[in-house]
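**Q** from the sequence below, what's the structure:
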Amino acid sequence: MARPATRNIGRLSEIAQVAVKHGFGYFFERHRLTDLFPWIGRDGSAAAPSDRGRRLREMLDELGPTFVKFGQLLSTRPDIVPPDIVLELQKLQDDVRPIPFADVERVIREDLGMTIEQAFLEFDERPTAAASIGQVHHAILPNGERVAVKVQRPNAPRQIESDISLLVQAARLAKERVRALDFIDAEQVVDEFARSIRSELDYRAEARNAEAFRRNFAGVTDVKIPRAYWTYTRRRVLVLELLEGTQLADLDRAALSQVERRDLAYRIAEAWMTMIFRHGFFHGDPHPANIFVLDGGASVGLVDFGQVGKLTDEDMSKLTGLFIDAANERVDALPRRLAELGVRYPREREEEFTDELRDIYYRYYGVSLSEIDPLQVIREAFEVIYRLNLRLPTRFVMLDKAIATLASVGIELYPDFNVFEVAKPYARNLMIERFSPERILSRAQKESGELARVVAALPYQVHDVLEEFRDGQIEVGFIHKGLDEFMHKVDVAFNRLVVALIVVGGLIGSSLIGIFAKHGPFVFGVNFLSFVGFLLSGALGVWLLWGVIRSGRL
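**A** Numbers count the residues shown, from 1 in each chain. Next up, the predicted model:
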């Protein structure tokens, strides 16, 4: 056990040297870490540089691929990283030196069980892209189809596990020594990073993501998703259809007219809005290197499906509630809506949080979308998140990052681009769909089913309580004081229960008819008997409720 620890200490020492080189020596002095790295002297105790974000980005670049990946993760965590550093870390590029072609041949032979010559008609030895986990080569299958082959670095899993072990040790050290980081669960951040990067080690997961996107965009002519070739795809080898086009990062924008650039920017944004608001399954990294311009700009293609985000129907319903409150100027309700979405904040700062939201809201409310700078809005949101120590759910952090990246890409293409302008009609349609008769009936059926289960379980729960009374497990003591008031409350409770059971029973019966009845007349898309049942249940419930009110026992 001592040897790995020794290696880690050696690597930590190397990291410390690189940190001092890039102007972070003051950090070790300030947080009393010089006993671990005694060679760090007073020279490193200068104040933090104003361009700390750039220096940190350069430091992570020098430390290698795993730290670049870790920096990319931190760029999605505005709740723990200051805004100026977030914006710099978003510039990190996963671009490293290619591995020798002999290693590529060995991985393909080991995973596919055949040589490159047997698997491919042609195979370009020069990679078109190289990243920390793998690299991409162009090739031609025996049937003549051109493909992109992604091959994993032979030592990637071992190197990643070693670096994860190092980061775990560094997180524990930070927890013990660096009081300024007490508000961060450093070990949880490293654990999130470990899950994320380990999932990228299995290329079959990326192939499944590609297939899901391909199904979602089936029939859409202006968005192209490459097909995955499962015959040639393994854990360390991924073969996708080759997109014949130009990477957005390599596009000669000067050769395009303003109209062409505008159309391209909005076409890309439309693709992501469709993923987010309609599919609930979106590409998490709309970076220019992952977007291809095809057919002279008439369509776009997407690659690199390792990072994806997912939103459930419940997430979308809660987001709709947030949009409705925002549209109706109910600013005081926004903290509660955000809490429903999983945003966590110190309760003692709730009033401050509401004030911050109100300030941002009224700064932009009523302003034309063309006058709003989306990146500025996102920067302000990041500042609030960091300053108030908000905790964001991972799926929404990825959504924020995707929208921020999308806004940046769109503005580079077309300066007047506004991502909110693209999102607005999708959000409006989401609100309309939420209150459509079909959605209301669907929710009623779902909630009726839940109520039916509660009612069905009620006799058994009562039986269990009576059994506990009989066995002496529950003892109730009565003091004859204010008994009339108690009996009045019991009477009220039973009256309300009667009303609830009758109404629920009618709703459940009507819902079941609506679910299983396939023939007969329909009213507003609902079976006639079911519709009549809803009306009668409502009328009977109102009648009984009126009787209880008149009795003075409500």
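**Q** contacting residues around stretch 249-258?
**A** 261, 264, 287, 288, 289, 293, 297, 412, 413, 414 (Cβ atoms under 8 Å, 6 or more residues apart in numbering). In short, each C-beta sits where N, CA and C put it, glycine included.
**Q** where does pLDDT dip in the stretch 301-450 of the chain?
**A** 327-328, 366-370, 372, 374-375, 378, 386, 394, 430-431, 433-450 (pLDDT under 70).
**Q** in it, which spans are helices?
**A** 313-327, 334-340, 350-364, 374-387, 394-413, 419-434, 437-470 (DSSP state H, counting those that start in this stretch).
**Q** give me the buried positions along the fifth one.
**A** Of the residues in helix 394-413, those with enough neighbours to count as buried (16 or more other Cβ atoms under 10 Å) are 395-411, 413.
**Q** for it, packing partners?
**A** helix 258-274, strand 281-283, strand 308-310, helix 374-387, helix 419-434 (3 or more Cβ pairs under 8 Å, 6 or more residues apart in numbering; DSSP states H and E).
**Q** rerun that using 6 Å as the cut-off
**A** Using 3 or more Cβ pairs under 6 Å, 6 or more residues apart in numbering; DSSP states H and E, the elements in contact with helix 394-413 are helix 258-274, strand 308-310, helix 374-387.
**Q** looking at the ones you listed, which is closest to residue 132?
**A** Closest approach to residue 132 among these (Cβ to Cβ): strand 308-310, 18.6 Å.
**Q** tell me what that closest one is packed against?
**A** So strand 308-310, by 3+ Cβ pairs under 6 Å, 6+ apart, packs with helix 394-413.
**Q** now the angle from the helix it packs on to helix 258-274?
**A** 170 degrees (axes from the mean of the first three to the mean of the last three Cα atoms, to 10 degrees).
**Q** the contacts of stretch 249-258 into JSON lines, with extra columns for distance to residue 452?
**A** Conversion of the contacts of stretch 249-258 to JSON lines gives the following (distance: Cβ to Cβ, whole Å):
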{"residue": "261", "distance to residue 452": "56"}
{"residue": "264", "distance to residue 452": "52"}
{"residue": "287", "distance to residue 452": "49"}
{"residue": "288", "distance to residue 452": "52"}
{"residue": "289", "distance to residue 452": "52"}
{"residue": "293", "distance to residue 452": "54"}
{"residue": "297", "distance to residue 452": "55"}
{"residue": "412", "distance to residue 452": "55"}
{"residue": "413", "distance to residue 452": "53"}
{"residue": "414", "distance to residue 452": "54"}
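**Q** mind checking which of those residues are buried?
**A** For the contacts of stretch 249-258, buried by 16+ other Cβ under 10 Å: 261, 264, 287, 288, 289, 293, 297, 413, 414.
**Q** model confidence for the second one, exactly?
**A** Just to be clear, that refers to residue 264. As predicted, residue 264 sits at a pLDDT of 93.
**Q** cool, the fifth one as well?
**A** Residue 289 carries a pLDDT value of 86.
**Q** so where's the stretch 101-250 of the chain uncertain?
**A** In the stretch 101-250 of the chain the weaker segments, taking pLDDT under 70 as the threshold, are 176-185.
**Q** how about 90 then?
**A** For the stretch 101-250 of the chain, the stretches flagged by pLDDT under 90 are 129-134, 153-201, 219, 249-250.
**Q** where exactly do the strands run in it?
**A** In the stretch 101-250 of the chain, the segments counted as strands under DSSP state E, counting those that start in this stretch are 122-123, 129-130, 134-140, 146-152, 223-224, 237-241, 246-247.
**Q** how about those strands, which one is nearest residue 273?
**A** Closest to residue 273 of these is strand 223-224 (Cβ to Cβ; 11.6 Å).
**Q** for the closest one, packing partners?
**A** Using 3+ Cβ pairs under 6 Å, 6+ apart, strand 223-224 sits against no helix or strand.
**Q** what about the residue nearest to residue 116 when sequence neighbours are not counted, how many neighbours?
**A** Distances taken as Cβ to Cβ, 6 or more residues apart in numbering place residue 123 nearest to residue 116, at 5.0 Å, with adjacent residues excluded. By the criterion of other Cβ atoms under 10 Å, residue 123 has 19 neighbours.
**Q** tell me the bridge partners for residue 123.
**A** Bridge pairing for residue 123 (DSSP bridges) gives the partners residue 139.
**Q** wait, isn't it in contact with residue 141?
**A** No: at 10.2 Å, residue 123 does not count as touching residue 141 under the criterion of Cβ atoms under 6 Å.
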